[in-house]
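>>> pasting the structure only:
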């Protein structure tokens, strides 16, 4: 028996929802998104923070453009693994995202991501200025890739 051919419409519905990752800082938000199959993380343009309303507008545009249903927010923990004031800020930020957009938000340990991003970028031939602009995006990619690897076999 020959299996029926799936229409493109059915195929696109079968694709997993994309996941967005955020490395949230006081001045910038590094952003990464999964590819359409949900396998790899790709960096997007960094968001320059302005105020809560504008930050949410920028994130809302990305959620719509990439049809995102889940967001991973980097959770800054101390080296000991304990939470501090920055962790509490990210918990509130994650709650705001969930309340405003209705998306599922995961908090993910981001220890060492900025350090690793800086190390990787130092190995490139980018200028110091360009590296500084890319570190938030790279940290978001590392957060998302780590989250994907940990959740592959759910």
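Arrived safely. Quick caveat, the model's predicted, so the values are computed rather than measured.

>>> secondary structure class for the spatially most central residue of the chain?
Centroid check for the chain by C-alpha atoms, centre = their mean gives residue 21 as the closest residue, at 0.8 Å. Classification of residue 21 by DSSP: H, G, I helix; E, B strand; the rest coil places it in strand.

>>> need the contact list for it.
31-33, 41, 71-74, 108, 140-141, 143-144, 147 (C-beta atoms under 8 Å, 6 or more residues apart in numbering). The C-beta positions use only the backbone N, C-alpha and C, and glycine is treated the same way.

>>> By neighbours, which of those wins?
Counting neighbours by other C-beta atoms under 10 Å, residue 140 comes out on top of these with 31 neighbours.

>>> so how far is the helix or strand containing that residue off the chain centroid?
Secondary structure assignment for residue 140, by DSSP states H and E: helix 128-150. Relative to its chain's centre, helix 128-150 lies at 9 Å (C-alpha atoms, centre = their mean, to the nearest Å).

>>> same for that helix, what does it pack against?
Based on contacts counted as 3 or more C-beta pairs under 8 Å, 6 or more residues apart in numbering; DSSP states H and E, the elements that helix 128-150 packs against are strand 18-24, strand 28-34, strand 41-48, strand 68-75, strand 104-109, helix 113-122.

>>> buried set for that helix?
131, 134-148 (16 or more other C-beta atoms under 10 Å).

>>> ok, now how distant is the residue nearest to the centre of the chain from residue 108?
According to C-beta to C-beta, to the nearest Å, residue 21 and residue 108 sit 8 Å apart.
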